[in-house]
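*Asks:* Fold the following for me, if possible:
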Amino acid sequence: MRSNTVLCVALAVLLYLTGSFGQQDVCGQVSLNTKSIVEDAELIYDGIDATEGFWPWQVSINSIGSNEIVCGGSLINKDWVLTSASCLSFINNLDSSYFIIYLGRLKQFGPNTHEVNRTVSDFITHPNYTSSTSENDIALVQLSSSVDFTAYIKPVCLAAAGSEFDEGLLSWVTGWGSTSSGDFSEILQEAEIPIVSNYNCSFAYIDKRFKITDNMMCAGLSGGGKGYCNGDIGGPLVTKQNSRWIQSGIISLRCFSSLPSVFTRVSKYQDWINTQIVNNQPGFIKSPYYNNTPTSSIPDIPKVPDVPDIPDVPDIFSGSSPDLHLFPFYLTFTIISLIFCPFF
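*Replies:* Residues are numbered from 1 along each chain as shown. Below is the predicted model of the structure:
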């Protein structure tokens, strides 16, 4: 009798844990950022100073010795940062303890009231990263200890496999990299830029003999313009969907002032990320978008009547839930509990 009771208790605990392994329902939620999907009819091509707390997933990867920024990244859960493999190529030749991660940072110099920092516990570059082609330019950095989420430090949601981003879709890129003056920025910069289709981006890069693959995406002006530059590598490209911000790209290729910016396409790497982060996996959201650039070719979307708020329930069947891989485990223990526990 006692052993069976213990079994039932254990099963109940397992059921609870199964539902808590995934990313908390906080990704991409920003209480301080009131930007709309389309900020202005006139796009912001040259970066402007960001407001503190607007991009709480933005991290700065700096060298401890000089305290200068090496590259950017984004917080994806309490223990991991997403960045580019080209960023970590600097670390491969050095000890990981040479680098420090700043979270909640706005200014590179002077005090940051809401800032915390961590050293690097581990880093993982994609095994098929090729520096000459920038293919599979993605990497993960494990923090030395977990961070607490605040209004100024929160994870971003990631674009799930199968996500699509139409040409012209307005997105935001952030970083402390080089400005038009050639110097790194002291204050975090933000710029709103449109998605460029891979077809048009490939045509723009034809003279550079650089291939835009399905694992990449582009944003900016088809003929060039301000986007990201040196020092921004590894940082996020994000788009707002309803109330959530979703990272669609990772800043990858070095900047060309006359060409669109090139990013690693995050949605192509959901499986790889989930195999590297076993516990508390990031929040993936599938993102089919309407092109949000004003145009008469976009059909009107019928207004949906207001309905009462209901609790969020993980959508395990759409592939957007980070706990999808745990569903069979959860179901098995649920059935066992229902069959045996009522008899004890």
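
*Asks:* Now do the end-to-end distance for stretch 88-108.
*Replies:* 20 Å (CA to CA, to the nearest Å).

*Asks:* With stretch 145-158 instead?
*Replies:* 22 Å.

*Asks:* Surely I195 forms part of a strand?
*Replies:* Yes: with DSSP: H, G, I helix; E, B strand; the rest coil as the criterion, I195 is part of a strand.

*Asks:* In the sheet, which residues pair with it? Tell me.
*Replies:* Beta bridges link I195 to A219 when assigned by DSSP bridges.

*Asks:* Number of residues surrounding it?
*Replies:* 28 (other CB atoms under 10 Å). Yep, even glycine has a C-beta here, placed from its N, CA and C like the rest.

*Asks:* do the same with the one 3 residues further on
*Replies:* Burial measure for N198: 16 neighbouring residues, criterion other CB under 10 Å.

*Asks:* how about the spatially closest residue to it that is not a sequence neighbour, secondary structure?
*Replies:* Nearest residue to N198 in three dimensions, chain neighbours excluded: I212, at 5.2 Å (CB to CB, 6 or more residues apart in numbering). Following three-state DSSP, the label given to I212 is coil.

*Asks:* And Q270, by the same measure?
*Replies:* Of the three states, Q270 takes helix according to three-state DSSP.

*Asks:* Counting residues, which strand of this structure comes out longest?
*Replies:* Ranked by number of residues, the top strand in the chain under DSSP state E is strand 116-125.

*Asks:* Following it in sequence, what is the next regular element?
*Replies:* strand 139-143 (DSSP states H and E).

*Asks:* helices and strands around that following strand, which ones?
*Replies:* Judged by 3 or more CB pairs under 8 Å, 6 or more residues apart in numbering; DSSP states H and E, strand 139-143 is in contact with strand 80-83, helix 85-88, strand 116-125.

*Asks:* would a markdown table of these with mean pLDDT, distance to F165 and mean neighbour count be doable?
*Replies:* A markdown table is the format used below for these (pLDDT from 0 to 100; distance: least, CB to CB, whole Å; neighbours: other CB atoms under 10 Å):
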| stretch | mean pLDDT | distance to F165 | mean neighbour count |
| --- | --- | --- | --- |
| strand 80-83 | 98 | 17 | 27 |
| helix 85-88 | 87 | 22 | 26 |
| strand 116-125 | 93 | 25 | 17 |
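
*Asks:* between these, which gets nearest to S267?
*Replies:* Closest approach to S267 among the helices and strands packed on strand 139-143 is made by strand 80-83 (12.7 Å; CB to CB).

*Asks:* Direction included, what does the closest one pair up with?
*Replies:* As assigned by DSSP bridges, strand 80-83 forms pairs with strand 69-75 (antiparallel), strand 139-143 (antiparallel).

*Asks:* quick one: V278 and S60, what's the gap?
*Replies:* Relative to S60, V278 is positioned 27 Å away (CB to CB, to the nearest Å).

*Asks:* what residue ranges in this structure are flagged as low confidence?
*Replies:* 1-24, 33-47, 90-95, 178-183, 222-231, 255, 289-344 (pLDDT under 70).

*Asks:* how does it look with 80?
*Replies:* Across the chain, the ranges flagged by pLDDT under 80 are 1-25, 31-47, 65, 89-97, 177-184, 221-231, 253-258, 288-344.

*Asks:* need the helices for it, in chain order.
*Replies:* 2-18, 85-88, 198-204, 270-276, 327-340 (DSSP state H).
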